Each structure stands twice: as structure tokens, then as C-alpha cells.
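Colleague: Would you be able to build a 3D model of this:
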Amino acid sequence: MFKLTGYNICGCKGLFTPVWGTFFQLTSLFLNKRTYHSKVQREAKLDVMYKKNKKPLTDEPTVSALKKYKDVESVVKIEEVDGAELVKTFAEEMEEMLGRKMKSVKRLAEAAEDADFYHDYNETMEFDYYNSLVINKVDEDGNALPLGGEFPLEENEHFNKLPVNTQLSNIQVPTNVYNRDPDILNGVYMSEALNEVFIDNFQKDPTLTWQYFGSSTGFFRLYPGIQWIPDDNGVVTFDSRNRNWYIQAATSPKDVVIVVDVSGSMKGLRLTIAKHTINTILDTLGENDFVNIIAYSDYVRYVEPCFKGMLVQADLDNREHFKLLVDELHVKGEGKVKKAMKESFKILNEAAALGQGSLCNQAIMLITDGAMEDFQDVFKDFNWPDRRVRVFTYLIGREMTFADNVKWIACNNKGYYTHVSTLADVQENVMEYLHVLSRPMVINHDHDIIWTEAYMDSVLFNTQAQSLLLMTSVAMPVFSKKKETLSHGILLGVVGTDVALRELMRLAPRYKLGVHGYAYLITNNGYILSHPDLRPLYKEGKKLKPKPNYNSVDLSEVEWEDTEEKLRTAMVKGETGGMSLDVRTSVDKGTRVMFLKNDYSYTVINETPFSLGIVLTRGYGQYIFIGNVSVEEGLHDLLAPDLTIANEWTYCETDIDPAHRKLSQLQAVVGYLTGKEPDLDCDALLLQQTLFDAVVTAPMEAYWTALMLNTSGMDDRVETVFLGTRSGLMRFQRYTGIEKRIAKSFLTSTDKENMFTLDHFPVWYRRAAEYPAGQFLYYMPRQETRGRGHTFTEQTSTHTGTQNTICTVLFPIFSAVFSRFSQKSLSDRLISLQPDIACYVIDNNGFVLISKQRNDVSSHTLTHTDTEKMCFLDFIVFDLIVSELLLLLISATSAHKKKGDILQPCDTEYPSFVYEPSVKETNSIIKCGRCQKMFVVQQIPESNLLLLVVQADCDCSRQFPPINMEPKELSLLDRTAHNASVKCDRMRSQKIRRRPESCHAYHPQVSFSLLELKRLLE
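Modeller: Coordinates of the predicted model:
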């Protein structure tokens, strides 16, 4: 054994002395106010001010700074954060915001019904309207296209800088719908009355985004009006009747069994049409619905054997899974529909008896080219006389030989019969079943307001920025109130509006939650609406696209430490309460693991199916620092050139008045405080904290400038110095020009990881917050350095004597003073006095920061390309001992999703290490065949670094290959350790959910006789 003593083995050649000295000077302003009065600093300060003012100065600025501190010392305080009260306040504010959207939708529904009531249908109507596809377009002669014409458009900040017309709505009609059909013309003419309501709603609530009316006839009225973008083939496939908000508003929850004929007669085009019909039906289902699919010929089989005899939730994951299986269907044998219908009734009856499924509407969808056998008895035995299960039939192909039989099945079971002879017929014919299911609700005139799960409507705004926003929609059905049609239950359409979830989450501001705190929203089904770890997009080439399962990620997949799902269960049930969990989370894009104690508080948002949760981390999340200074004093320091605030945060609401929408948050704050923008709605507490932070950090500007001018007082390897506070305020000083800077994007608008964003504090802030006060933390940011060397960051968190607050004796609140400097020059100082000895400086996560061999430097840490982007972030942590060399490192595994041949959820794992700080030094010997490798690891004082000294003349590469940092796939569905039964159990699992409060499955007037139904269908 040997021991590291002084420089006997490795010399650092003054490695940290000047650098630490420089940074200690920076932080000492906060750690010890007496340092500020040192002679050197006082002279530097006076020298800077002399050069600015060109006249002698006294020591008054120093006295002024001390007086400034004493002025605020008596008015600062630390308050404990009450999570239960905070989540209640956030929920009330969200309820108020969402309530305004519901009122707007109600006004639209009332206006549409009134307009229809007074409108007389005109079979020969001629009416020109603005078709959003052809507006502002001309033919070869320069004439406006029919249904086009001049339609003024102007870019609008509120609508993501899209060109819109806030004075008019316009109309979109799918390509497969005739845009001059009498039903279309009458509906468009009638709905012109909505224009005034659209504008009035927007004036009453300027935070409204898109408002719309989707007609049951196929057209879509959108406000504000836009230029519609067709797909690459010039086709508009968007049909509002197929959107989730329309379907949920038009019908109640439903259990659906799809029965498809795969006998020999269904070959060729018929099977293609049948598959398209199944997929279209699946698209009409949502997470409140349940489904299964049966294929039949000579025998009955489930397309997914794992789902035998049961219904599964029709979430996005299951729907896409069914589509893959349907695509593999093949035809064979003779069709025996009777057995298939018995099995379908058995599934639905058992689900109802066990209290499973939707417990509302039940339906069977029969897709066939004919029914030849005696099948009538099965309906008498299982469905009559109540006819509780509706049966909808789809006759496939041009052959009509068995049409009467297929029609009989539907008409005698309160369903609907359609003939689908071509692929073009599928969409319109499938949609008919929704109108039948809506009849009880329409006749009762029950205007249920629905909220959708999170979604991105990438079809609606094909190539525009809106498609990348995660949103939810609130919608309401529109009925005919005319007496002559009331008994028929005529659905006119659905009105709705969108709510961007980012705007909703602004009501839970980051500064109130602390450095590691966050807020999240889930639906009644436990799926995530908003969560800082939810990343719904992946990159395909240069385009961002939604992941296949982006809106069916369960809370248990993110808050995976909730192993017993107590948190999920309580929130799904709409309860109010709290709990604590020990969690392991990652920062720096998953490369580093932190261990936290989190307190969860949650409550329901009334009048919605949503529940809100907040997380406060023990320590800094438990307390909030509040200080107060005068507006004049704070405003003076807020205008300093080295100061910025978090532009994604809401200090002042700039989206209400169009005149304010181009203002940055800093401009808005200054305008409000100076009285130039008195109408702005600003967060008083956040402004108070920001002004206080600006005042107490103001001396740093002069001090940093003094160091820049005094070349002997600043290490020439420092690139940037910077600090941040809980209020989102940042100060930073560049010491090198952009052409010489190694990390060019650091602290720029593209460097989201290191900036204050709506989702998180900067990574350097989060890491420093969990590090002991007064010690220095070094790390190498994941930056593109373009071969110019490496930089790493030195930072220190500054605290008061109160253990659970981030503050200093003199200048409370902010977490750290930080800097970046070049690694290359530092490695020159790391020398070995013996040729058979190698020296490394590694950080507390095992990455090499300094080495004589540049290739050893872990600038790449972990490689993350499509691996992280393709799937949702999740973590699995195991306690492992890797080798004797890493005895002091606890191995952890972070799991991520990975791209496969077909995009689907999967997990990957890679090792990550956390240093055990109680181990100050260790040494050992590793046996490597014919030789032994000795090593010593010693903690570098007051830092997160370790000096590693190893014997270099013993090769252990065969016995101990390098640790592979590439993510390793561990698919839950394909993992070899998980056999087929485990896979099936996971897919069949039915998690606790809260069913929608209303159900409209029956009305006595919806009991047409066979003769009446035949007449209607003909």
C-alpha cells in the first residue's frame, strides 16, 4: 500500500491555488462582509469609479453599500412554505382561469343554438363564404378563386406569430366533403352569427386562443381566421368530427367490441377497407372508452390474445397496438358470425357485472361482407328485450346479396347500418354511429362540458408553430331546439376552445416552489397533462414530431418512487392531501443523479377532471426568503447591463393587452415600475424579490469590472463569472470575446439547461443547491466545444446559518457565484513525477475533468442522441459496487426510452456514479493477471473533486474492460428476463381511474320500431 502525501507522487503545480483564490474573492463579498473593506478591493472599486467619472472619489460607495445592507437587514425575513396552502391557491387560480374558458364556450353554444332555431333551411341556397384553403389566392387571370377573395391576415404574438384575422372567422372543409353542399351552405350561413361572439369572448378574456365550431355536416369554423395549409399532396384531411374534443362532447363514454370478418370472401380490397374501417373506429375512441377486437371465420380469435375476455382502456398506446395487430390480419375459411357475436356479448356483460369498463354505453361494431347463417337467436338470448347493447353494422364491398341480413342486425338492436363500398366511404359512414349514441343526450338537452387529455393537433396546423404546443380543449355539444326535430335528437355540432398547458402552468410560478420544486397536472385516468419531465417530442431529421404515446404517459411512470401508487390513487380519486417520498432524480440531461426528500401536496381542480400536484424539496423548498427595498433603489440596480431576468417566467402579464405582447419581461417590469405601463398586471411578490436581489447583488458588477481592469487580480483562464437568484435574476460578466470563448453557447438563449426556464432552474443552480455551503463544485457542462478544448465550471453555494435556506450572511437569497474556465491550461499543471504513475482529477460523478491525456477528459460524459429524444424519461436506480477502484462510488442506473424499428415505449440504462463524501481517502490493489495495479483516491478539500493516482505500468484492460456509457436497451415488453406472462400482465393491468360524472346511455324516445328505422335508413 502507499499513501498520497504532499507532492511525492503527483504534483498539481499550483493547480487550484490561483483559481480558488479568484473565486473566493468573488464569493467572499457574500460570505464575509468585512472582506469588502479590504484595501485591495476598496482601491479597485475606487479605481473603476474614477475611470467612469474622470474625477477623484472618496470611499463613499463602500460606505453606501454597507449602509444599504443595514437598511434592509431589519426588513428581511424567512418564511416556511405551506405546501397544502400553496397547492390550494394554485388550484383556485387555475379553476378561475379554466372557468373563464368554460363561460366562453357556453356563450358559443347558446349563440349557435339560437342561430339554428331562427334559421329556415333552404335547399337551393347560394352563399359565398371564406374558405380558409383558397383565401387570398388567384387564378391565372388574377381573379380571386371561388370561395376565396381578399382576407386580411396579420402576424399576431398571441397566436404564436401566425398570420391571423382577429375580426373574422373562416371555414375549413375536408377534401372529401363537397364545399357547396346544401347542408354545408346552410350550416355556414347559420353559424355566421358566431363571429360576434368570438370577438366578444376574446375581448372579455384576452388569454383565449383558438375558438371553433365543428359542424356535424363536416365544416369547421375557426376564429381567428387563418390560411389553411394542405398536406404535401394538396389534400386537407382534417375533419373536426374525428377530433377527440368533438367525439367526447358528442357522446358519453362507451365500451366497444369490434368484430371483423376474416373469412375467405373478405380477401383483397374488402380486407383493406375493413382494416381502414377498424382504424377509423379506433380513432373515434378516447381514454374514457374501452375496447377489444375479435376476428372470426370458422372460429373466433382475439387479435391480441392477451386481451381475451376483457375490455382494455382505449388510450393512445392500446389503440396504436391494436392498429399494428389489425394490419397483420389475413383471410381464411368460412364466416361464422354467431360465435363471434356470442363472445362479444359475453365480454360486455361480464364487464358490466364486474363494474369494469366505462359503465355507460355499450356497442358492437360488426364489419363483414355478409351474414349467411341463422344468427337471430343470439340477439334474443343476449340482448332482447332491453337492447342494452347497440349493434352497428358495416357491409363491406359492392356486393349487396346479404345486405338485408346485415341491416336486420342493426335495426333490431338500436344501431345503424352502413354500406362501405370504397375506402373513400369509410370516414363518413363510421361517423354515423356517434350521432346515434348522442341521441339520449341530445333529447335530454344535457350540455355536458368536457375537457380533453393533453394533445398536439399536428394535423390542424400542419407546418406551423401551434402544432408543437401541448394543449387541452374544453368543448360543449350544440343541439337543435326546434320542436319538430327535438324528438329526433339532432346534434348540430360541437363548440370549443383550446388552452395551452404552458399558460396554465404559469399560475404555479417556479420561484414559489424552489430550486427542485415543480407543479404537475394529471387527468382522471392518471395520465400526465403537464410535468417538467414530460418530453412529448422527438426529432426526425430537422423536424420535431410528437412521440406515439406522448399523451398516455401515466403518473406512475414519472413519479416511479411511488411504488405502491398511493400518490397516483389519491390524485385520481380527486382527493386533497400530501405525502413524502425519498426520490432519486437526475440533472444535466440524465448524467448525474441526486437524492432528495420530496413533499407532495395535491388537490382536485373543481369543474374539471384534472388534479394538481406540487413538489417541495426538503431544505430549500421548505422556505422562502423575502426582502424589501424601495422601488427607486431597486429600479436603479435592475437597469445594470450585466443583469437579466427569466424571460419565460411571468413577472408581468404581457399577453392581455396587444400593445404589451412584444415586450420582454424585463422591459415590462421596468415599464411598470417607472409608471410608463401602469395597466400591466404584475406579480407583486416576485417583483419585490427581484428588486431586492438586484440591490443586494449590485456590488458584484463593480467588483467584476474591477477585476477585469486589474489584470493582476484575475486569472487569465476565467471565461465567465455569473450568479443566479431564486427570483430568476442573473448577473454575468464575460472575460473573453466570443471568438476566443470555448463554450460559445453557454448562458445564451439556446442554452436552456443553464438558464431559468418555465420548467426548471439552471443545472448549475440545482447542483450547487445540494452541495455543502461554502465549498466549491466543479463540473463539465455538456456543451459543443468544436474541438477548441474543454471548459468546466466552478461554483459555490452560499448559505446563512439557517440550514434550509439558500442565502449568505450579507446578501441572502441567491445560490451561488460561479465561473467557467478552460480545462486545457489546467491540465498542463497536472504532472507526474514518476513515469509509471498516472494522475487524474475526477468529479463526484466519476467524470475525468483534468488529465494529461486529453482523450481521457469526459467532455462527452454520456452520449444522448435519439436515445433520449425518442421516449419518455424514467429512472430506475440500483445500488451496485462496480469494482475495487470505485469502492467509494455508488453506482446508479438511469432509464430512458429508446427508438426501435417502430416507435414504442422502451427503457435503456447506463451507469452513473455518486461520490460518498464521508470517504476522504482510500487505496487498494487490483489484481490484473501477472501484475497488480495500485491506486489511491483522495478528496480535494473544499470541492467535489478527487485526485486519483494509479499505477500506469500494469494493464488491466482484459480483466476490467471500460465501463460502457452507451445506453443499453431494457424494453419492458421484450426484455429477456420478462417472459410472455409478465408482458401480458402489464398490458392487461387496469389502474385505478375516476369515471366521468355523467353518462347518457338511454332515453325512452330512442326506441324506434323496425319499420321506422328502415324508413330513416332508406
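Colleague: right, and residue 509 touches residue 686 too?
Modeller: Yes - taking contacts as CB atoms under 8 Å, residue 509 lies within contact range of residue 686: 6.7 Å. (Each C-beta comes from the backbone N, C-alpha and C, glycine too.)
Colleague: Pull up the overlap in contacts between the two.
Modeller: residue 649 (CB atoms under 8 Å, 6 or more residues apart in numbering).
Colleague: between the two, who's got more neighbours?
Modeller: residue 686 (23 against 19; other CB atoms under 10 Å).
Colleague: Tell me who's in contact with the more buried one.
Modeller: Applying CB under 8 Å, 6+ apart to residue 686 gives the contacts 509, 511, 649, 651, 727, 728.
Colleague: Which pLDDT value belongs to the nearest residue to residue 679 once chain neighbours are set aside?
Modeller: Take residue 679 and drop its neighbours on the chain: the residue closest to it by CB to CB, 6 or more residues apart in numbering is residue 657, 6.5 Å away. Each residue has a pLDDT score; the one for residue 657 is 86.
Colleague: what residues go with each domain of this structure?
Modeller: 54-79+640-806, 89-247+449-500, 253-436, 508-621 (the TED database).
Colleague: Start and end of the second one, how far apart?
Modeller: Right, domain 89-247+449-500. 20 Å (CA to CA, to the nearest Å).
Colleague: Ok, the third one next?
Modeller: Counting by CA to CA, you get 13 Å between the two ends of domain 253-436.
Colleague: ok, now the last one?
Modeller: Its first and final residues considered, domain 508-621 spans 14 Å by CA to CA.
Colleague: quick one: least confident helix or strand in the protein?
Modeller: None of the helices or strands of the chain scores lower by mean pLDDT, DSSP states H and E than helix 866-869, at a mean of 32.
Colleague: Check this structure for its longest helix and report it.
Modeller: helix 83-117 (DSSP state H).
Colleague: gap between it and the chain center?
Modeller: Its chain's average C-alpha position is 23 Å from that of helix 83-117, according to CA atoms, centre = their mean, to the nearest Å.
Colleague: tell me what it is packed against?
Modeller: Here helix 83-117 is seen to pack against helix 182-191, helix 194-204, strand 211-215, strand 471-479, strand 491-500, helix 501-505, strand 592-604, strand 611-617 when contacts are counted using 3 or more CB pairs under 8 Å, 6 or more residues apart in numbering; DSSP states H and E.
Colleague: Quick one: these as CSV, columns for mean neighbour count, distance to residue 939 and mean pLDDT too.
Modeller: Shown next, in CSV, are the helices and strands packed on helix 83-117 (neighbours: other CB atoms under 10 Å; distance: least, CB to CB, whole Å; pLDDT from 0 to 100):
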stretch, mean neighbour count, distance to residue 939, mean pLDDT
helix 182-191, 20, 72, 96
helix 194-204, 18, 61, 96
strand 211-215, 26, 61, 97
strand 471-479, 25, 49, 94
strand 491-500, 25, 48, 94
helix 501-505, 19, 41, 91
strand 592-604, 20, 18, 91
strand 611-617, 26, 26, 95
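Colleague: Can I get the ones you listed in JSON lines including distance to residue 703?
Modeller: Converted to JSON lines, the helices and strands packed on helix 83-117 look like this (distance: least, CB to CB, whole Å):
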{"stretch": "helix 182-191", "distance to residue 703": "65"}
{"stretch": "helix 194-204", "distance to residue 703": "50"}
{"stretch": "strand 211-215", "distance to residue 703": "53"}
{"stretch": "strand 471-479", "distance to residue 703": "46"}
{"stretch": "strand 491-500", "distance to residue 703": "42"}
{"stretch": "helix 501-505", "distance to residue 703": "37"}
{"stretch": "strand 592-604", "distance to residue 703": "31"}
{"stretch": "strand 611-617", "distance to residue 703": "31"}
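Colleague: can you tell which of the ones you listed is closest to residue 297?
Modeller: strand 491-500 (36.7 Å; CB to CB).
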